[in-house]
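Participant: Test case, fold it:
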Amino acid sequence: MMEGLQSEDLYQNPHRLSVCGKIILFNCKRASATNDNERSELLFCCFSFKREHNVFLKAADGAAVISRKRSAHVDIVRCKCAIDVQKRLNIPCVLVTKKSDKAGSFHYSLLTVSSSHRLEPCLEFKLPYEMKGNVSILQGPTVLWSHAGSVFYTSLQAGEVKQIPFQLSHSVFGELPLQKGEIFVLGLQNFSEQCSDTQSTTQTVGYFVESGHMFNGSMILPHPYIYITRCILVLSADKVEGALKSAVVAATSTRQLVYFENGIVKDTCQVPFEQPEDIQVVNTGRNGVLFVISFHQGHVCAIWKETFHIASHWSGVSSVHVDDFLGCGTDQMLLVFKDEGVSGQALENFIITDLCGVSYSRGQDSGAATSSPPPPENYLLTLRALESRLQSGLTVLQELQREVRVKERVLQQSVRALTDVVSERETTVTQHEQEGLIALWDCDDESKDEALDDKTQDMPAVSSKPQVDKLWHRITEDRMVVGVILTTDGSVPVASVSLSILTETGQSPTPAVIQTQSQVFWLPAFSPSSSSSSSSSSSSSYISTSTEPAAKRSKQHNAGRPNDLNTCRLAVTAVTRLTPLLNSGCVKCHVMLHYVQRQDAFAFVSNPTPAIVLCGQVAIDIHSDFQTQMLTNPELKTDEVKEDLLSLLAVLDRWVFHIDSPDHSLGDIDGWIQKRVGCKRIEVGPQYLLLNSSEPSALMLLCWHQITPFQGELSVHSSQLPMLQFLDSLLAYLPASCSIQSVKGTRGQCAAQIFSLALEKEVVSLREFVSLLLCGEQEDEERSRGNTGHEQGSVERLQRCREVWQQDMERSRIRLSPLVDVGKYRKFTQSLSAVQLDGDLAALVETQRTLHS
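Facilitator: This is a model prediction of the structure:
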């Protein structure tokens with residue numbers, strides 16, 4: 001009977017909250033004025049959802065005595081879950097007030113529900129007034145409220161009721177989701193008393209409750225929105241270089257949900273109800289994130305975070321809760337409706353849904369949720385996008401049809417011309433047929449007369465020399481980089497270009513060659529309309545295109561026309577140690593360009609023509625400033641910065657890593673790299689990110705290439721220790737299942753090195769196989785030699801020595817033309833053939849690379 005009365009009191013007008021997938025109901029049982037034995041108690045009951053029966057079942061209950069006096073009036077002010085900073089747990093909290101009719105003070109108690117389902121007192125304080133309006137329970141637990149233009153708070157850490165040390169005309173409470181969350185108060189502070197004029201000025205002020213520090217509140221909410229904001233939710237916050245970076249959503253009194261980034265409005269959504277009270281976040285997993293807004297008079301609205309459009313809304317809701325009620329790992333909404341309690345049972349009229357396929361309801365039809373239609377302009381935008389795609393497809397189709405007609409016409413003319421040649425008839429082409437066609441070679445009478453003379457002149461011994469556009473040098477730590485910008489045609493193989501540095505040694509007239517290491521980088525070729533000073537990223541690949549046939553381009557190139565489209569630009573660098581050059585204060589060095597040029601495009605590579613070009617002189621002064629422009633200001637777009645980038649690419653070691661994440665997407669790795677301290681993008685090479693450091697040895701160039709959302713390639717240009725440190729921090733950011741593998745043989749092991757390694761393997765294999773063949777014969781000789789004994793007597797001993805000498809002579813003859821086992825020789829030839837096949841394949845790759853370079 002007592003349990004039935006308690007349940008009846010609990011279900012009358014309960015206060016609810018959700019924690020760990022369960023619902024807790026709170027209510028007060030007030031003492032009767034006629035019964036002296038009754039006491040004012042706080043009752044609670046915990047329910048969990050059973051999806052098999054589609055019902056909430058009681059899991060635990062309890063009660064706590066608030067007052068033993070009949071004259072005390074007990075009521076619940078607010079209940080909410082908050083983080084206990086001491087236990088590091090999210091605990092249910094309920095704030096209860098007790099007012100006596102005789103005394104004019106209000107006694108407040110904050111109680112928590114423990115893991116053993118007991119009500120435990122947390123805070124107690126007295127106020128000479130009653131809390132009304134804006135009351136919040138935040139982490140700590142901390143109770144915040146406003147009264148008469150002032151903001152008050154109390155917590156276990158504070159130990160008493162404290163007041164914020166300035167007046168605020170409007171105030172908003174919130175907390176930052178940092179690693180050590182901080183409670184803040186935003187408001188407008190009036191400065192009319194300090195101003196000399198009659199006009200009052202207000203400023204947006206922020207105040208951290210725990211530390212007592214003030215900050216610029218406009219970094220969270222702009223000044224005009226303080227007046228109209230009713231509730232706020234901070235999605236993310238971070239302190240970057242002393243400044244607060246935040247993402248915030250706020251519900252206003254003007255029926256709007258506004259999204260802010262660093263105090264700037266980024267998006268808005270018009271909501272259908274007024275007087276918002278609370279904002280909650282529903283994380284549905286892969287389906288997205290929802291903002292759930294509770295309004296006065298029982299209205300609820302859900303808005304998608306990605307599109308900022310209304311997903312659905314409800315009316316007649318008593319309370320809305322967000323938790324994992326189904327235990328599936330994602331959030332759902334629980335909407336409890338107002339006609340609750342008619343049957344005398346708890347949670348008899350509810351809906352559990354995430355608007356993504358999960359839906360459980362009791363006492364509600366399927367039409368309880370009202371979905372808002374998309375805005376009318378969305379249809380217009382969709383139609384415009386479809387029309388644009390249709391028009392683009394029609395254009396492509398028309399171009400393909402036009403190309404097919406041209407190809408058919410050319411094929412018909414070619415067949416007719418071939419038929420005329422076979423029939424020894426003269427082919428006549430009309431002027432209309434000649435339009436749009438490009439001649440492969442000039443067919444006038446003069447070219448026919450000069451064809452015989454040009455046969456001996458069109459194949460010069462050496463083609464045109466590469467043109468040296470610029471010579472430059474840089475000093476990086478203990479190394480010097482010399483670079484040359486070349487303009488050349490396709491007759492110069494890229495792999496055959498190198499630089500050498502010559503310097504005078506003392507009084508000797510013979511120059512000394514300094515040991516260098518050369519590299520070649522592609523540069524963008526000049527367009528016909530560009531000037532000589534225009535260029536783009538120095539290390540990006542460039543593929544020239546042309547609308548003319550290859551045969552005509554080849555003839556124009558041999559004719560030596562300037563600015564033809566077959567030219568290419570190269571940057572050749574040479575790196576050498578600086579120590580051998582610093583014999584005096586200033587050293588002058590000659591820079592020589594070495595290249596191999598073939599006769600023509602069809603000449604075989606076995607007859608190369610080596611050539612040398614003097615590029616100029618560079619002067620090295622140890623007293624000059626070696627600071628480069630790129631390290632101080634990577635945003636510049638000058639030739640000097642391009643040369644600095646080429647110098648770093650030539651000096652720094654390069655590693656290429658393939659990153660694979662089979663279970664999760666890699667995320668924004670490029671953005672993560674840019675957030676590192678000192679990371680800047682190089683404008684002349686946007687694919688490179690510069691990690692500058694105070695130590696020159698810690699300098700790093702990074703290039704990230706996203707292949708798929710789950711795979712990517714990372715190029716690191718730096719020394720070994722910074723590279724390992726960077727990979728260590730990258731592994732901490734990537735998912736645990738992610739793998740990083742070093743890419744072997746990319747740009748570091750060229751075809752020539754592979755060919756040389758194959759030849760070396762062939763020589764070593766030949767030596768080992770021959771040794772194995774002859775090893776058996778030598779073992780037989782050793783055994784026969786070991787069986788020779790020493791017999792007694794001089795005559796017999798002399799005869800034995802003669803036989804041993806004859807055997808040695810026979811062995812010497814056999815060694816000159818040894819006999820081997822047939823089976824061993826067959827295995828030897830098979831193994832050697834396999835090794836030689838690898839060498840032939842490497843030689844073929846090297847030959848093809850040289851022909852195409």
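Participant: would you list every one of the helices in the chain?
Facilitator: Per DSSP state H, the chain carries helices over the ranges 2-10, 223-228, 376-422, 431-434, 445-449, 451-457, 550-559, 629-632, 639-651, 669-674, 720-733, 751-786, 794-816, 822-852.
Participant: per-stretch mean pLDDT over these, give me the minimum one.
Facilitator: The minimum mean pLDDT among these belongs to helix 550-559 (a mean of 38).
Participant: nearest spatial neighbour of the residue positioned nearest the centre of the chain, skipping sequence neighbours?
Facilitator: By CA atoms, centre = their mean, the chain has its centre lying nearest to residue 669, at 1.8 Å. Of all residues not flanking residue 669 in the chain, residue 704 sits nearest, at 5.6 Å (CB to CB, 6 or more residues apart in numbering). Quick note: C-beta positions are derived from backbone N, CA and C, even for glycine.
Participant: any idea how far residue 823 is from that neighbour?
Facilitator: Separation of residue 704 from residue 823 (CB to CB, to the nearest Å) stands at 57 Å.
Participant: How about residue 691?
Facilitator: For residue 691, the distance to residue 823 equals 62 Å [CB to CB].
Participant: higher neighbour count, those two?
Facilitator: Set residue 691 next to residue 823 and count neighbours by other CB atoms under 10 Å: residue 691 wins out with 20 against 8.
Participant: need the contact list for the more buried one.
Facilitator: Neighbour list for residue 691: 676, 678, 679, 698, 699, 700, 701, 702, 718, 722, 726 [criterion: CB atoms under 8 Å, 6 or more residues apart in numbering].
Participant: Turn those into JSON lines, including neighbour count.
Facilitator: Compiled in JSON lines, the contacts of residue 691 are given as follows (neighbours: other CB atoms under 10 Å):
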{"residue": "676", "neighbour count": "13"}
{"residue": "678", "neighbour count": "11"}
{"residue": "679", "neighbour count": "16"}
{"residue": "698", "neighbour count": "16"}
{"residue": "699", "neighbour count": "20"}
{"residue": "700", "neighbour count": "22"}
{"residue": "701", "neighbour count": "21"}
{"residue": "702", "neighbour count": "23"}
{"residue": "718", "neighbour count": "23"}
{"residue": "722", "neighbour count": "18"}
{"residue": "726", "neighbour count": "19"}
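Participant: Show me which of these is closest to residue 296.
Facilitator: residue 676 (46.9 Å; CB to CB).
Participant: need the helix or strand of the chain with the lowest average pLDDT.
Facilitator: helix 550-559 (a mean of 38; mean pLDDT, DSSP states H and E).
Participant: Residue 99 contacts residue 106, correct?
Facilitator: Yes. Residue 99 is within contact range of residue 106, at 5.3 Å (criterion: CB atoms under 8 Å).
Participant: buried ones in stretch 682-702?
Facilitator: 682-685, 687-692, 698-702 (16 or more other CB atoms under 10 Å).
Participant: can you give me the strands in the stretch 601-750 of the chain?
Facilitator: 609-621, 654-660, 679-681, 689-691, 700-708, 711-717, 739-742 (DSSP state E, counting those that start in this stretch).
Participant: Most tightly packed of those strands?
Facilitator: The highest mean neighbour count among those, using mean count of other CB atoms under 10 Å, belongs to strand 689-691: a mean of 20.
Participant: ok so, going back, please render the strands of the stretch 601-750 of the chain as JSON lines that adds mean pLDDT to the earlier fields.
Facilitator: What follows is the strands of the stretch 601-750 of the chain, written out as JSON lines (pLDDT from 0 to 100):
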{"stretch": "strand 609-621", "mean pLDDT": "81"}
{"stretch": "strand 654-660", "mean pLDDT": "87"}
{"stretch": "strand 679-681", "mean pLDDT": "84"}
{"stretch": "strand 689-691", "mean pLDDT": "86"}
{"stretch": "strand 700-708", "mean pLDDT": "88"}
{"stretch": "strand 711-717", "mean pLDDT": "89"}
{"stretch": "strand 739-742", "mean pLDDT": "84"}
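Participant: Throw the ones you listed into CSV and include distance to residue 188, thanks.
Facilitator: Compiled in CSV, the strands of the stretch 601-750 of the chain are given as follows (distance: least, CB to CB, whole Å):
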stretch, distance to residue 188
strand 609-621, 63
strand 654-660, 49
strand 679-681, 38
strand 689-691, 42
strand 700-708, 45
strand 711-717, 48
strand 739-742, 52
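Participant: Give the full set of residues in contact with residue 517.
Facilitator: Contacts of residue 517 (CB under 8 Å, 6+ apart): 574, 575, 576.
Participant: Which one (most neighbours) among the residues you listed?
Facilitator: Within the contacts of residue 517, most neighbours by other CB under 10 Å means residue 574, with 24 neighbours.
Participant: ok, that one touching residue 500?
Facilitator: Yes. Residue 574 lies in contact with residue 500 (CB under 8 Å); the separation is 7.1 Å.
Participant: Now residue 630: closest residue in space that isn't a chain neighbour?
Facilitator: Per CB to CB, 6+ apart, closest to residue 630 is residue 644, 3.7 Å.
Participant: and that neighbour, how many neighbours?
Facilitator: Using other CB under 10 Å, residue 644 has 25 other residues around it.
Participant: Next: residue 503.
Facilitator: By the criterion of other CB under 10 Å, residue 503 has 17 neighbours.
Participant: Roughly how far does it sit from residue 591?
Facilitator: Using CB to CB, one obtains 10 Å as the distance from residue 503 to residue 591.
Participant: same deal with residue 714?
Facilitator: From residue 714 across to residue 591, the span is 34 Å (CB to CB).
Participant: next one: residue 89
Facilitator: Using CB to CB, we find residue 89 at a distance of 71 Å from residue 591.
Participant: Of these two, give the one with the bigger neighbour count.
Facilitator: Legend: neighbour count by other CB under 10 Å for residue 89 and residue 591, higher for residue 591 (23 against 15).
Participant: Grab the nearest non-local neighbour of the more buried one.
Facilitator: Residue 591 sits nearest to residue 615 (CB to CB, 6+ apart), 4.3 Å away.
Participant: now do residue 503
Facilitator: Residue 503 sits nearest to residue 589 (CB to CB, 6+ apart), 4.7 Å away.
Participant: Near the one you found, how many other residues are there?
Facilitator: 23.
Participant: for residue 666, same thing?
Facilitator: 22.
Participant: I figured residue 80 hits residue 15, correct?
Facilitator: No. At 9.6 Å, residue 80 does not count as touching residue 15 under the criterion of CB under 8 Å.
Participant: which ones are touching the nearest residue to residue 738 once chain neighbours are set aside?
Facilitator: Spatial nearest neighbour of residue 738, chain neighbours left out: residue 661 (4.3 Å); criterion: CB to CB, 6+ apart. Listed by CB under 8 Å, 6+ apart, the contact set of residue 661 reads 710, 711, 734, 735, 737, 738, 739.
Participant: Please name the residues that touch residue 214.
Facilitator: So residue 214 contacts 205, 206, 207, 208 (CB under 8 Å, 6+ apart).
Participant: cool, and residue 731?
Facilitator: Residues near residue 731 by CB under 8 Å, 6+ apart: 738, 740.
Participant: same deal with residue 280?
Facilitator: Going by CB under 8 Å, 6+ apart, residue 280 touches 233, 291, 292, 294, 320, 322.
Participant: I'd like these written out as JSON lines, with pLDDT, neighbour count and distance to residue 803 added.
Facilitator: JSON lines is the format used below for the contacts of residue 280 (pLDDT from 0 to 100; neighbours: other CB atoms under 10 Å; distance: CB to CB, whole Å):
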{"residue": "233", "pLDDT": "92", "neighbour count": "19", "distance to residue 803": "108"}
{"residue": "291", "pLDDT": "94", "neighbour count": "23", "distance to residue 803": "108"}
{"residue": "292", "pLDDT": "95", "neighbour count": "21", "distance to residue 803": "109"}
{"residue": "294", "pLDDT": "93", "neighbour count": "22", "distance to residue 803": "116"}
{"residue": "320", "pLDDT": "93", "neighbour count": "24", "distance to residue 803": "113"}
{"residue": "322", "pLDDT": "92", "neighbour count": "17", "distance to residue 803": "106"}
